[in-house]
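# need a structure here:
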Amino acid sequence: MLSKKKLSKTFWLYAVIPFAFFMGLAVYDGTVWCVDSASYTSMDFSREPVYPLFLLLIRKIFEYFDFAGTMYDQPSYLFCAVIIQSLLWVYVTSKLGFFMYKTAREHVYEGKAQLIGLLAVLFQIAVCCLNRFAAARGSMYSECIMTESLAMPLFVLFNIRLYMAVKEYNFKNNAVLFLLCVLIASVRKQMLITLLIWGFVAFVLYLLIKKTRDVKRFFKTCLLVIVAIVSISLIDRAYNYVLRGQFVEHIGNSKGGLDTVLYTADADDSKLYEKYDDSEDYPNLSALYTKIYETCVERELTIDFAPKGYELGEQSKVSNSDWLAMTSHYADSYDVIGFDVILPLCDEYVEENFPGLDEVSRQIKEDRVEKVLLTELLKKNLAGIFKGESKSFLYVFWANVLKALVISVANISPSILIKASLVIYIVFITLMFRVGLIQKRENYLLLSFIVLSGVLINSVVTGSMIFPQPRYMCYSMGLFYLMGCCGIL
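Residues are numbered from 1 along each chain as shown. As a prediction, the model looks like this:
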């Protein structure tokens, strides 16, 4: 048991510091309105259910008590949301500090354990400081009206609980882990990676490693992951049924992938859609594809117009080209393809071929059209990989994954940070095996493995479906550097 003096000291270190930091900046900066914020406050059809419902609940409470007016040039209820979000970050940062302190005490003396707990707090704060004071966005996610404000701290809780579930496999830990995964993926669909991480960790520990092998636990984990996926879908569908009268998931799930496959598409791909031309559901679909592709070419949005990085055409690889310049062009083209090309042309297509649909039915139809466009191009590219084709598709994939890995631990500018990130990963993995396997610090090894798995899986998923940027990649950054420091200490 800790003495009262030590307990008071750790409370000050792990609770008061994050409270002062997050709440102080919340009051100083106020509500930060972002490009996507309106889609959450308006409960747009393209958004997952939890965050819009979170904002709706606060707004209804304010309306009930007749609280009106504005704060920081935004409706006052949004500042209440910022306060709640900031308190969540305080709680999670503090919990991580106490968790790391308690875990470290099993291997190191009291003073070093307290230092590790403090580092856990400071690294979470440091990542927020980068976003607030160094990055172009100039604000912390806890202050923003966007899903990251909830998803990022919940992801830290997920890592803690996954560690606990592996260390002490019981009903409570697995139930909490399951609920966390369902909640966080219902906040932001990118966080389906939590299920991939959970499944991957279970695969390695319960099937590959002899010491921890337990086939029964692996299949139980697989079952929980499947039930979680079904639950996430049902929550989404129930939300849209109540709100829109349609038992469907939110729209826009295909847009990110479609933007990516169109970037490396060509004119002959219109043949993929000719089989739909005489159908009732997707008439003249090949003509729609041709119009989308030609518009992309006209606006120089495809890989052939990358100013650098694709001079060698399909022979371009990350090893022989300026892959970073290509990914920059891809990132610049990504949203333009989705919002300025696909969206208006699919609007026009649905209006022409399915006149008289109500707004919700029209949006659902557009979403299904986008899904078919994506499915055919994706099938062609995946099949092409096994035939030695689809080289431009593979090039974009590997370049984006590489960029995602760099952004997860550093930045792409200045360019020296790209090489530095490689060194950082080598040092991290070396420490993980030296301290974890040779010195047999199993707690450190397990935590490092979970964090590294999160970085790798998020990089692969994000790199394959959407262009990497710090907003999508910094979920594990604080944990990554924390575990690196633990390896040194």
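# give the contact list for residue 380.
Applying CB atoms under 8 Å, 6 or more residues apart in numbering, we find residue 380 in contact with 269, 272, 390. In this view, the C-beta of every residue, glycine as well, is placed from N, C-alpha and C.
# now, among the residues you listed, which is nearest to residue 314?
Residue 314 has its nearest neighbour among those in residue 390, at 9.1 Å by CB to CB.
# helix, strand or coil for the closest residue to that closest one other than its chain neighbours?
Spatial nearest neighbour of residue 390, chain neighbours left out: residue 384 (3.2 Å); criterion: CB to CB, 6 or more residues apart in numbering. Following DSSP: H, G, I helix; E, B strand; the rest coil, residue 384 is assigned to helix.
# repeat that for residue 273.
Under three-state DSSP, residue 273 comes out as helix.
# find the centremost residue of the chain, please.
residue 190 (4.0 Å; CA atoms, centre = their mean).
# quick one: pLDDT of that residue?
pLDDT recorded at residue 190 is 90.
# residues near residue 286, how many?
17 (other CB atoms under 10 Å).
# relative to residue 303, how far out is it?
22 Å (CB to CB, to the nearest Å).
# residue 445 too?
41 Å.
# tell me the domain ranges of this protein?
Using automatic domain parsing, the domain parsing of the chain gives 1-146, 151-247, 255-389, 397-489.
# can you give me the end-to-end span of the third one?
Length of domain 255-389, first residue to last, CA to CA, to the nearest Å: 24 Å.
# what mean pLDDT does that domain get?
Mean predicted lDDT for domain 255-389 stands at 93.
# so which elements touch the helix or strand containing residue 175?
Using DSSP states H and E, residue 175 sits in helix 171-187. When contacts are defined as 3 or more CB pairs under 8 Å, 6 or more residues apart in numbering; DSSP states H and E, helix 171-187 packs onto helix 50-64, helix 148-167, helix 193-203, helix 215-244.
# any buried residues in it, and which?
173-174, 176-178, 180-187 (16 or more other CB atoms under 10 Å).
# report the contact partners of residue 137.
131, 471.
# and it, that one's in a strand?
No: counting by three-state DSSP, residue 137 is not found in a strand; it is coil.
# backbone dihedrals for it, please?
Main-chain dihedrals, residue 137, degrees, to the nearest 10: phi -70, psi -30.
# distance check, it against residue 29.
Distance from residue 137 to residue 29, by CB to CB: 12 Å.
# over to residue 424?
Applying CB to CB to residue 424 and residue 29 gives a distance of 30 Å.
# and what of residue 408?
26 Å.
# now this structure, which segments are flagged as low pLDDT?
1-11 (pLDDT under 70).
# check the offset of the helix or strand hosting residue 450 from the chain's centre.
With elements taken from DSSP H and E, the one containing residue 450 is helix 442-465. The chain centre lies 12 Å from the centre of helix 442-465; the measure is CA atoms, centre = their mean, to the nearest Å.
# so what touches whichever helix or strand comes after it?
Where DSSP H and E defines the elements, the next helix or strand beyond helix 442-465 is helix 470-473. With contacts defined as CB under 8 Å, 6+ apart, helix 470-473 is touched by 131, 135, 137, 141, 148, 190, 404, 407-408, 411, 458-459, 462, 466.
# let's see it at 7 Å
By CB atoms under 7 Å, 6 or more residues apart in numbering, the surrounding residues in contact with helix 470-473 are 135, 148, 190, 404, 407-408, 458, 462, 466.
# what of stretch 103-111?
112-113, 116-117, 441, 443.
# now with 6 Å, please.
With CB atoms under 6 Å, 6 or more residues apart in numbering as the test, stretch 103-111 has contacts from 113, 116, 441, 443.
# okay, the residues you listed in CSV with distance to residue 79 next?
Shown next, in CSV, are the contacts of stretch 103-111 (distance: CB to CB, whole Å):
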residue, distance to residue 79
113, 38
116, 35
441, 44
443, 40
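# what's the helix or strand for residue 39?
helix 37-41.
# list phi and psi for the closest residue to residue 256 other than its chain neighbours.
Closest residue in space to residue 256, ignoring its immediate chain neighbours: residue 466 at 4.4 Å, by CB to CB, 6+ apart. Per-residue torsions, residue 466: phi -160, psi 160 (degrees, to the nearest 10).
# what does residue 70 give?
Per degrees, to the nearest 10, the backbone of residue 70 is at phi -130, psi 160.
# just the one 3 residues further on next, same as before
The main-chain torsion angles of residue 73 are listed as degrees, to the nearest 10 and equal phi 60, psi 20.
# any idea how many residues pack against it?
Neighbour tally, residue 73, other CB under 10 Å: 8.
# surely residue 177 touches residue 164?
No: using CB atoms under 6 Å, residue 177 makes no contact with residue 164, being 8.1 Å away.
# check which helices and strands the strand or helix carrying residue 432 is in contact with.
Using DSSP H and E, residue 432 sits in helix 416-433. With contacts defined as 3 or more CB pairs under 6 Å, 6 or more residues apart in numbering; DSSP states H and E, the packing partners of helix 416-433 are helix 391-409.
# does the helix it packs on pack against any helices or strands, and if so which?
helix 323-335, helix 416-433, helix 442-465, helix 470-473.
# what residues does it touch?
By CB under 6 Å, 6+ apart, helix 391-409 touches 264, 303, 314, 316, 318, 323, 326-327, 381, 412, 418, 421, 424, 455, 459-460, 462-464, 468, 470, 473, 480.
# now list the buried members of the residues you listed.
Those of these that meet the buried threshold are 264, 303, 316, 318, 323, 326-327, 381, 412, 418, 421, 424, 455, 459-460, 462-464, 468, 470, 473, 480, by 16+ other CB under 10 Å.
# show me where the stretch 251-400 of the chain has helices.
255-263, 285-298, 323-335, 343-353, 359-386, 391-409 (DSSP state H, counting those that start in this stretch).
# mind putting those helices into CSV with distance to residue 64?
Formatted as CSV, those follow (distance: least, CB to CB, whole Å):
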stretch, distance to residue 64
helix 255-263, 36
helix 285-298, 47
helix 323-335, 38
helix 343-353, 37
helix 359-386, 28
helix 391-409, 43
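# wait, which of the ones you listed is closest to residue 276?
helix 285-298 (4.1 Å).
# restrict that closest one to CA atoms and write it as CSV.
The C-alpha coordinates for helix 285-298 follow below in CSV (Å, rounded to 0.1, in the frame of the first residue of the first chain):
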residue,chain,number,x,y,z
LEU,A,285,-23.0,2.8,-65.5
SER,A,286,-20.1,2.6,-67.9
ALA,A,287,-21.0,6.1,-69.2
LEU,A,288,-21.0,7.5,-65.6
TYR,A,289,-17.5,6.0,-65.1
THR,A,290,-16.2,7.5,-68.3
LYS,A,291,-17.5,10.9,-67.3
ILE,A,292,-15.9,10.7,-63.9
TYR,A,293,-12.6,9.5,-65.3
GLU,A,294,-12.5,12.1,-68.0
THR,A,295,-13.2,14.8,-65.5
CYS,A,296,-10.4,13.6,-63.3
VAL,A,297,-8.1,13.6,-66.3
GLU,A,298,-9.2,17.1,-67.4
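# buried set for that helix?
So, applying 16+ other CB under 10 Å, buried residues of helix 285-298: 285-286, 288-289, 291-293, 295-296.
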